[in-house]
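# after the sequence you'll find the predicted model.
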Amino acid sequence: MVNQTYTADVLVVGGGTGGTAAAIQAARRGAKTILVSEFPWLGGMLTSAGVSAPDGNELEVFQTGLWGAFLQELRQRQPGGLDNSWVSFFSYDPRIGAEIFADWVQELPNLDWISGQVPIEVFRQGDSITGVRFADFAVTAKIILDGTELGDLLALAEIPYRWGWELQSEWGEPSAPAAFNSLTEKYPVQAPTYVVIMQDFGEAMSTTGVAAAPEIPPAPNYNSLQFTGAWDGYGTETFLNYGRLPGGLFMMNWPICGNDYGEGIGRLIESNVSRGEFIQEARWHSQNFAHFIQNQLGPRYGLAEKVFPHTPTAFALHPYYRESRRLVGLTTVREQDILPIAGGRVASIYEAFGLQPFGHPTAGVCVPLRGSKLREASPTGEAIAVGNYANDHHYPGIQFPLQPKSIRWGGRWTGTPFTIPYSSIIPATTDGFLVCEKNISVSHIANGATRLQPVVMGIGQAAGMAAAMCVELNCQPRDLPVRALQRALLEDNRSKVAIIPLFNLPPNHSDWLHWQLYYLNNPQAYPASGDCPCPSWNHYPDSTFGKGLIWESNCFQGIFYRLGQQEYRFTVTAPAAYQGQNWQLVTLRSHIDKQLRTYPHEKLVTLWGCQNHSGNWLLVEHLNGG
């Protein structure tokens, strides 16, 4: 029974990565906002799901918006820095990430956060969503956002959504199957992972060699054969360093004979009971993996203590979901929209995002489509967020080849930059509603790239800005002028957002806004190289970077070796403590990338950077001749 009804301008349901960003941005814009979350931590994948080694948008030109602000806060708060693992350039204690989001929410008097609640019912008037009921209260709002981990509001509101694969005949995606098969049947969506944090208790070992780590018991369904060979080909140290966190902690999110879990994954959307059963099994699977690791690598490795705010404290608050129900929106992001232009390093922003027909339900559409409200819209110039992660799919025990979507940049592999269009977060047939998580209108195949934490955070920020502007203008999301939304994101006074991917133009550059707007207005001119013809680039000084983009570094001298295109090695000559060591040189900074591409082979070089022992690389921040 509803005891209380609250009223807001904007209601965000779900405190995940996108939902948290949406609520913060809507409130910062001035909207009276209510955020309702299931868990006591905000941030989803970045915190409560335990994936505190995020992927994607790592280049400094893409460290914008709330994502960039989050990284700046982490650099200031995380003792020992963020160079801890080799799977990510940013690994941190998830407790610190949760503190950052809680602080951001706390500072906004027009943002009310209610935790420990899940949606039970959605209120509707005609084609508009007007409110949501929870266990003992309800909220009505002008704009409601689904920021749940699995798109639960889509189901409650009977808004058309997809679950599962689309065939190649649907949109002509190169990696889509021609027919449904055993893979598509067993794994309709990507497998989640129930992250567990382990700890090295080695320093606490007594002189007898007995570790302080308590024994990890196996779960009832333990089968060691599931994990045999998990780190074969990598080695123990490399395996542990994959998700190494500060303070002797290890994030266990390992895909090879590890703790990805997808058995009966359809149970996640069948009922609350079946979802609970799946979640319990997924956690048991990670417990078994941790038990296997302790048995194989020794008793110095145990479950981490006092990490997450529940018992047992080593397990995340919920699984890391890679895929959810996916909205049927005005536009659907397909694999073609995230692949590089022929001969280029970026996805097209001109040909992408044509308004695909959605009136033909596929096997993945779980609710019949009603009458369309498709607006007249340009298929170009709708970008609201940027991503650049390779199209990565997880199915336990299966190697699923995907169309290549990676490039060499800064001495390493990174993903092809792509954009998310505004119309992909708007329902095709429903008003008063936006999505802001992995539940955007995206194909199963393309979800492998759009699901990553930074791009979801960008989607959330854009959705929150859009919701607040709809309140200001008293309009529906489908009627909000896209260019006004884009300008608001580009010119936000606290966390401005890059919405056109440009490799060589950081947000602190004086010409940044000019070129962002230029390519929005002239998408056909967007260069396949991803580099804009900035006239002042050669004179671009380090000092124009904000201090938040530069972290502490050390000075090294050594010999520079060019091993191949975008592959560099550095043999240290000074300081003496590192003499003779060989490191890979990588960078996240545009002007350093340019210098590395032209620096002479086998020359003495002086550089400043941070060493990553897990990846055996030096992250270069400044470079000059010997």
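The structure has been received and is ready for your questions.
# can you show me the strands along the stretch 101-250 of the chain?
For the stretch 101-250 of the chain, the strands defined by DSSP state E, counting those that start in this stretch occupy 111-115, 121-125, 128-133, 137-146, 161-162, 196-200, 244-245, 249-252.
# so which of the ones you listed is the most packed in?
Scoring the strands of the stretch 101-250 of the chain by mean neighbour count under mean count of other CB atoms under 10 Å gives strand 161-162 as the most buried, with a mean of 28. For the C-beta atoms, the positions are set from N, CA and C on the backbone; glycine is no exception.
# now do that one: which elements does it pack against?
Secondary-structure packing of strand 161-162 (3 or more CB pairs under 8 Å, 6 or more residues apart in numbering; DSSP states H and E): strand 326-327.
# on that earlier part again, so which of the strands of the stretch 101-250 of the chain is nearest H622?
For the strands of the stretch 101-250 of the chain, proximity to H622 was assessed by CB to CB; strand 244-245 is nearest, at 25.8 Å.
# which one, of the strands of the stretch 101-250 of the chain, ends up nearest to L618?
L618 lies closest, by CB to CB, to one member of these: strand 244-245, at 17.2 Å.
# for this protein, longest helix please?
Taking DSSP state H as the criterion, the chain has its longest helix at helix 272-297.
# can you name every helix or strand that that one contacts?
strand 196-200, strand 249-252, strand 301-303.
# just send the ones you listed back as JSON lines, with mean pLDDT and distance to D593 too.
Shown next, in JSON lines, are the helices and strands packed on helix 272-297 (pLDDT from 0 to 100; distance: least, CB to CB, whole Å):
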{"stretch": "strand 196-200", "mean pLDDT": "97", "distance to D593": "34"}
{"stretch": "strand 249-252", "mean pLDDT": "98", "distance to D593": "28"}
{"stretch": "strand 301-303", "mean pLDDT": "97", "distance to D593": "38"}
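# in JSON lines, list those strands along with distance to L317.
Shown next, in JSON lines, are those (distance: least, CB to CB, whole Å):
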{"stretch": "strand 196-200", "distance to L317": "12"}
{"stretch": "strand 249-252", "distance to L317": "14"}
{"stretch": "strand 301-303", "distance to L317": "15"}
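# out of those, which is closest to Y518?
The closest of these to Y518 is strand 249-252. By CB to CB, the value is 40.7 Å.
# and that closest one, which strands flank it?
If you go by DSSP bridges, strand 249-252 pairs up with strand 196-200 (antiparallel), strand 244-245 (antiparallel).
# reformat these as a markdown table; add distance to G16.
What follows is the strands paired with strand 249-252, written out as a markdown table (distance: least, CB to CB, whole Å):
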| stretch | distance to G16 |
| --- | --- |
| strand 196-200 | 19 |
| strand 244-245 | 20 |
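# pretty sure L240 is touching M251, no?
No. The criterion here is CB atoms under 8 Å, and L240 misses it with M251 at 10.3 Å.
# now the strands: where do they sit in the stretch 351-500 of the chain?
Using DSSP E, counting those that start in this stretch, strands in the stretch 351-500 of the chain cover 383-387, 406-409, 412-415, 418-421, 433-435.
# just those strands: most buried one?
strand 433-435 (a mean of 30).
# quick check: mean pLDDT of that strand?
For strand 433-435, mean pLDDT is 98.
# other SSEs contacting that strand?
Strand 433-435 packs on strand 137-146, helix 453-473, going by 3+ CB pairs under 8 Å, 6+ apart.
# tilt between the longest one and strand 383-387?
For the pair helix 453-473 and strand 383-387, the angle between their directions (axes from the mean of the first three to the mean of the last three CA atoms, to 10 degrees) equals 160 degrees.
# now the angle from helix 453-473 to strand 137-146?
Angle between the axes of helix 453-473 and strand 137-146 is 110 degrees (criterion: the same axes, to 10 degrees).
# next, the buried residues of helix 453-473.
By 16 or more other CB atoms under 10 Å, the buried positions in helix 453-473 come out as 453-471.
# just list what it packs against, helices and strands only.
On a contact count with 3+ CB pairs under 8 Å, 6+ apart, helix 453-473 meets strand 4-13, helix 17-29, helix 65-77, strand 137-146, strand 383-387, strand 418-421, strand 433-435, helix 482-490.
# pLDDT score assigned to the most centrally placed residue in the chain?
Residue closest to the mean C-alpha point of the chain, counted by CA atoms, centre = their mean, is Q453 at 1.3 Å. For Q453, the pLDDT comes out at 97.
# now it, nearest residue through space, not along the chain?
Ranked by CB to CB, 6 or more residues apart in numbering and with sequence neighbours excluded, the top spatial neighbour of Q453 is P54, at 4.1 Å.
# distance check, the one you found against E73.
Look at P54 and E73: by CB to CB, to the nearest Å, they are 14 Å apart.
# neighbour count for those two, which is higher?
Comparing P54 with E73 by neighbour count (other CB atoms under 10 Å), the higher total belongs to P54, at 26 against 19.
# surely that one is in a helix?
No. P54: not assigned to a helix; according to DSSP: H, G, I helix; E, B strand; the rest coil it is coil.
# pLDDT at it, what is it?
Per the predicted model, pLDDT is 97 at P54.
# surely it and S85 touch.
No. Counting by CB under 8 Å, P54 stays clear of S85, with 10.6 Å between them.
# ends of stretch 442-461, how far apart?
Terminal residues of stretch 442-461 are spaced 18 Å apart (CA to CA, to the nearest Å).
# quick check: closest non-adjacent residue to G248.
Of all residues not flanking G248 in the chain, D200 sits nearest, at 4.2 Å (CB to CB, 6+ apart).
# residues contacting that neighbour?
The contact partners of D200, by CB atoms under 8 Å, 6 or more residues apart in numbering, come to 248-250, 300-301.
# ok, 10 Å please
Listed by CB atoms under 10 Å, 6 or more residues apart in numbering, the contact partners of D200 are 211, 213, 240, 244, 247-250, 297, 300-302, 304.
# can you tell me which of these lies closest to L156?
Nearest to L156 among those is A304, at 35.4 Å by CB to CB.
# separation between that closest one and Y518?
Distance from A304 to Y518, by CB to CB: 49 Å.
# neighbour count winner among those two?
Taking neighbours as other CB under 10 Å, A304 and Y518 compare with A304 leading, 26 against 15.
# doesn't G247 make contact with the more buried one?
Yes. Between A304 and G247 a contact is recorded at 9.0 Å, counting by CB atoms under 10 Å.
# quick check: neighbours shared by the two?
The contact sets of A304 and G247 overlap at 93, 199-200 (CB under 10 Å, 6+ apart).
# how about those in JSON lines, adding distance to P396?
Below are the shared contacts of A304 and G247 laid out as JSON lines (distance: CB to CB, whole Å):
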{"residue": "D93", "distance to P396": "28"}
{"residue": "Q199", "distance to P396": "25"}
{"residue": "D200", "distance to P396": "27"}
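# out of these, who's nearest N388?
D93 (25.5 Å).
# how much space separates that closest one from Q78?
Taking CB to CB, one finds D93 at 7 Å from Q78.
# which of those two has more neighbours?
A side-by-side neighbour count of D93 and Q78, using other CB under 10 Å, places D93 first with 23 against 20.
# of all the helices and strands packed on strand 433-435, which one is nearest S175?
Short answer: helix 453-473, nearest of these by CB to CB, at 18.9 Å.
# distance from that closest one to the middle of the chain?
15 Å (CA atoms, centre = their mean, to the nearest Å).
# oh, and call the first residue 30 from now on, that's how I've got it
Got it, first residue is 30 now, which makes that one helix 482-502.
# angle of that helix against strand 33-42?
Using the same axes, to 10 degrees, helix 482-502 lies at 130 degrees relative to strand 33-42.
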